[in-house]
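> sequence plus predicted model, see below.
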Amino acid sequence: MIPMDRILLSSLMLFFVASAQAVDGQKVFTQGGAQPGATACLACHGGDGLGLAAAGFPRLAGLSAGYLRKQLEDFRSGARSNPVMQPLAKALSDDEIDAVSQTLAAMPAPIPAPINRSSVAEGVGARLALRGAWERQVPECVICHGPGGVGVGDAFPPLAGQPAAYLVGQLNAWRDGTRRNDPNDLMGHIAKALSPEEIAAVADYFAKADSQLAKANKQEPKP
Ligand code: HEC
Ligand code: HEC
């Protein structure tokens, strides 16, 4: 006969294995993780995950799960430093990070206009975004971040629709070395080559990229 305590132990173990696999990403987003420091994401990133522009909190909805996971791991390791997100990422379990990254990636987000190198570029921001400044080895942003800054795969995050203040903050973080999570220092090189005025202009350009599309879509069809 199998002793009772053995049965109890194995069913307990089964319970823990099952609950570890079944972390609910939506719950982490709306209620936070199991540990007290793992505050609910929606408090700062918005109920729709599109961020809070006025506060400079970034949009997470529709970003790739791989990119989100990497950023949370970079906050944990300190390769990307931020007083709010570092302790928060440390309070999340690996399973919670996986689950919430999948949930966020599946949330709807605005699709920016497919503007690229062949589009008209008026002004400092648009010129940097669409043409770059090759005399300083600065490629156009859309070459890596995709047409309109829509983002490409797990490596290149979207810029379109991110709050201007957030984009400026990240470019400055690369300049001063508090964000150094870019293996080939692609962004470190680019950020250091730009003036503060250029950073403000290109951030403003991408922050407005999705509303430009919204405007285009609202145009009445010709009768
Ligand atoms: C108290 C406010 C707050 C809460 C709660 C919060 N965040 Fe953040 N989050 C921020 C701020 C501020 C930043 C920008 C950090 C920076 O400037 O580097 C950020 C940045 C991020 C980024 C980087 C985005 C990018 O485009 O690189 C990820 C990923 C992220 N948060 C995930 C989460 C997740 C997942 C949760 C919920 C478990 C969460 N955050 C909860 C404030 C918050
Ligand atoms: C050669 C490729 C490349 C080019 C060109 C490029 N980027 Fe990036 N950028 C990256 C990579 C890779 C990352 C993500 C780094 C990481 O893993 O955190 C990134 C991330 C960013 C982020 C952080 C986004 C977020 O969600 O936190 C900003 C802001 C940014 N780039 C702005 C720009 C701007 C502005 C330009 C044009 C002046 C530009 N990039 C051109 C490769 C590039």
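Great, that's in hand. Ligands and ions are numbered 1, 2, ... in the order given.

> could I get the phi/psi values of Val138?
The phi/psi pair for Val138 (degrees, to the nearest 10) reads phi -110, psi 110.

> same check on Ala173?
Backbone geometry at Ala173, expressed as degrees, to the nearest 10, gives phi -60, psi -40.

> ok, it to Gly49 distance?
Noted for Ala173: a distance of 22 Å to Gly49, by Cβ to Cβ, to the nearest Å. No exception for glycine: its C-beta is placed from N, CA and C like everyone else's.

> which residues touch Leu50?
By Cβ atoms under 8 Å, 6 or more residues apart in numbering, the contact set of Leu50 is 59, 61, 109-110, 161.

> near ligand 2, which residues of the protein are found?
58, 70, 128, 138-139, 141, 143-145, 155-157, 159, 167, 170-171, 181-182, 186-187, 190, 202 (Cβ under 6 Å from any ligand atom).

> which of those residues count as buried?
Buried by 16 or more other Cβ atoms under 10 Å: 58, 70, 128, 138, 141, 144-145, 156-157, 159, 167, 170-171, 181-182, 187, 190, 202, out of those.

> out of those residues, which touch ligand 1?
Okay, of those touching ligand 1 (Cβ under 6 Å from any ligand atom), that's 58, 157.

> before we move on, back to that, look at Ala173 and Gly49 and report which has more neighbours.
Using other Cβ atoms under 10 Å, the more surrounded residue of Ala173 and Gly49 is Gly49, with 22 against 19.

> check the gap between the closest residue to the more buried one other than its chain neighbours and Cys41 for me.
Leaving aside its sequence neighbours, Gly49 sits nearest to Ala61 (Cβ to Cβ, 6 or more residues apart in numbering; 3.3 Å). Counting by Cβ to Cβ, the gap from Ala61 to Cys41 is 10 Å.
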